[in-house]
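[1] Take a look and give me a structure for this.
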Amino acid sequence: MIIAELAIFPTSEGPSVSRFVREAVAVIEASGLRSVTGGMSTTIEAPDLAALFGVIEKAHAAVLKRGAKRVHIDLQIDHRLDKEATIASKLGAIGKG
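    Reported below is the predicted structural model:
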């Protein structure tokens, strides 16, 4: 399982970009991939890179469709192969799950 942390937002649309972020989060939530959105990013579980990058591409397209002229994407990926890892297991490991 791949666990990724994604932040995507325009840098060209002034100080408030929540309307763009809402569009991106809606795409992620509609993807069928497990996700948890926090105040600064969304954590996503994906079975493989193709699924992850597919939803990121769709979220990016949604931000552009809303009219953004410049988009910033932060992405961190944890692809653990020695055992099954999930958002819940990572939170459990630090006593938060």
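[2] need the longest helix for this structure.
    helix 49-65 (DSSP state H).
[3] Show the residue spans covered by the strands in the protein.
    2-10, 35-37, 42-46, 71-79 (DSSP state E).
[4] The second one pairs with which strands?
    With DSSP bridges as the test, strand 35-37 is paired with strand 42-46 (antiparallel).
[5] give me every residue that touches residue 63.
    8, 9, 10, 20, 23, 24, 71 (CB atoms under 8 Å, 6 or more residues apart in numbering). In this view, the C-beta of every residue, glycine as well, is placed from N, C-alpha and C.
[6] Make a markdown table out of the residues you listed and add distance to residue 78 and neighbour count.
    Below are those laid out as a markdown table (distance: CB to CB, whole Å; neighbours: other CB atoms under 10 Å):
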| residue | distance to residue 78 | neighbour count |
| --- | --- | --- |
| 8 | 18 | 25 |
| 9 | 22 | 17 |
| 10 | 26 | 20 |
| 20 | 26 | 23 |
| 23 | 26 | 18 |
| 24 | 21 | 28 |
| 71 | 23 | 18 |
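[7] so which pair among those is furthest apart in space?
    23 and 71 (11.5 Å; CB to CB).
[8] Throw the strands of the chain into JSON lines and include mean pLDDT and distance to residue 90, thanks.
    Below are those laid out as JSON lines (pLDDT from 0 to 100; distance: least, CB to CB, whole Å):
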{"stretch": "strand 2-10", "mean pLDDT": "97", "distance to residue 90": "7"}
{"stretch": "strand 35-37", "mean pLDDT": "97", "distance to residue 90": "11"}
{"stretch": "strand 42-46", "mean pLDDT": "98", "distance to residue 90": "9"}
{"stretch": "strand 71-79", "mean pLDDT": "97", "distance to residue 90": "8"}
